[in-house]
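Asks: okay, structure incoming, though there's no sequence with it:
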Ligand SMILES: C[S@@+](CC[C@H](N)C(=O)[O-])C[C@H]1O[C@@H](n2cnc3c(N)ncnc32)[C@H](O)[C@@H]1O
Ligand SMILES: Nc1nc2[nH]cc(C(=O)O)c2c(=O)[nH]1
Ligand code: SF4
Ligand SMILES: [Mg+2]
C-alpha cells in the first residue's frame, strides 16, 4: 500500500481519516492508544530486553487469533497527544520502545512519534503486519506477514465467543485475504530498515506458503533476506495453546534452518493485559 493512502476510518476502527489529527484543544497531533506499559520484549531477536510498549488501536486486518482483540475486532482507545505519550515513555526506565498495535503504520502520527523518540535517543522497534510502508526512523522493523491460516473463516471467527456479536457474512474473510500480503510494502520495508520476518505458525501446513513468500520477496527486494532473518513463532495467546504449538514450531525451525522465537510474555504472564 502506498504511503499516501489513508485507510478508511470505520473499518480500521481508528476514527480518523487524515494523516494528522490534532488534539481537542489544539495541543498537537494524537494517536489512538489502547495501552502503554513497561515489560520485557517477549518476541524476536530482542526477546528479554526491557522495553516500553506503545499499543495503537485500529487494524486493517482481522486475524482470527489476534491476541490484541481490542485493537482490531473491537477497537478501544483513548487518544493521547504525542507529548503525553513521550512523557509516559520518559517516566519509564527503558532505552527500548516497541510501537505496536493494532497496526501502528496505519497512522501518519506514528512517524512523528518515532521522530521524537529518535531525537531522544531511544531504540525503536515497530511491530507491523507488513502491508504498509512509511518513511520513519526505525531501528528494527519486526514484520509479521499474515498467512492463509490467519484468515477469519466462518469456522474460526473469534466473535463466536462473544454473545450478541454481529457477524458480517464473510466480509472480513475477503478483506483480510485481499489485504494480508503486499509484496511492494514488504519489499520497501526490508530495503529501508534492519528487519526480522516473524511468521506465526499454527502447523506444518504453513510452511509451503512461507517458502513461497520468501521466494517472491527475494525476487523483488534489493537486499538479501537471509534464513537467519526469518523467525518462526508458535501461535498461541495463552500458555495452554502454546503448549500445543511450540514444540512442532521449534522442530520446523530446525528442519528448515530458520530461527525459533518464543513468546516469553505468554510463558511469564499468560494473557494478562499490559504484559
Ligand atoms: C498484535 S500484533 C500487532 C502488530 C501487527 N498488527 C502485526 O500483526 O504484526 C503483534 C504480534 O503478535 C503476533 N500475534 C498476534 N496474535 C498472535 C497469536 N495468537 N499467537 C502468536 N502470535 C500472535 C503478531 O503476528 C505480531 O507479530
Ligand atoms: N512482552 C511483550 N512482547 C511483545 N512483543 C511484541 C508484542 C506485540 O504485541 O506486538 C508484545 C507484547 O504484547 N508483549
Ligand atoms: S494484523 Fe496484527 S493487530 Fe491486526 S488482527 Fe492481525 S495480529 Fe491483530
Ligand atoms: Mg502482543
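Replies: That came in fine, so what should we check first? Here the structure is a predicted model, which means the values were calculated and not measured. Residues are numbered from 1 along each chain as shown. Ligands and ions are numbered 1, 2, ... in the order given.
Asks: what mean pLDDT does the strand or helix carrying residue 114 have?
Replies: Taking DSSP states H and E as the definition, one finds residue 114 inside helix 109-119. For helix 109-119, the mean per-residue pLDDT is 98.
Asks: partner strands of the helix or strand that it is followed by, parallel or antiparallel?
Replies: Sequence-wise, the next helix or strand downstream of helix 109-119 (DSSP H and E) is strand 123-128. Strand 123-128 has the following strand partners under DSSP bridges: strand 96-100 (parallel), strand 140-143 (parallel).
Asks: anything in strand 123-128 near ligand 2?
Replies: Yes - using C-beta under 6 Å from any ligand atom, strand 123-128 reaches ligand 2 at residue 127. C-beta coordinates here come from the backbone N, C-alpha and C atoms, glycine included.
Asks: residues in contact with that strand?
Replies: Contacts to strand 123-128, defined as C-beta atoms under 8 Å, 6 or more residues apart in numbering, come from residues 41, 44, 46, 51, 95-101, 103-105, 110, 114, 117-118, 136-144, 189.
Asks: what about that strand, near ligand 3?
Replies: No - using C-beta under 6 Å from any ligand atom, strand 123-128 stays clear of ligand 3, with a minimum separation of 7.8 Å.
Asks: start the count at 834 instead of 1 going forward.
Replies: New numbering, starting at 834: the last item is strand 956-961.
Asks: so that strand versus helix 942-952, what angle?
Replies: On the basis of axes from the mean of the first three to the mean of the last three C-alpha atoms, to 10 degrees, strand 956-961 is oriented at 160 degrees to helix 942-952.
Asks: just the buried members of the contacts of strand 956-961?
Replies: Buried by 16 or more other C-beta atoms under 10 Å: 874, 877, 879, 884, 929-934, 936-938, 943, 947, 950-951, 969, 971-977, 1022, out of these.
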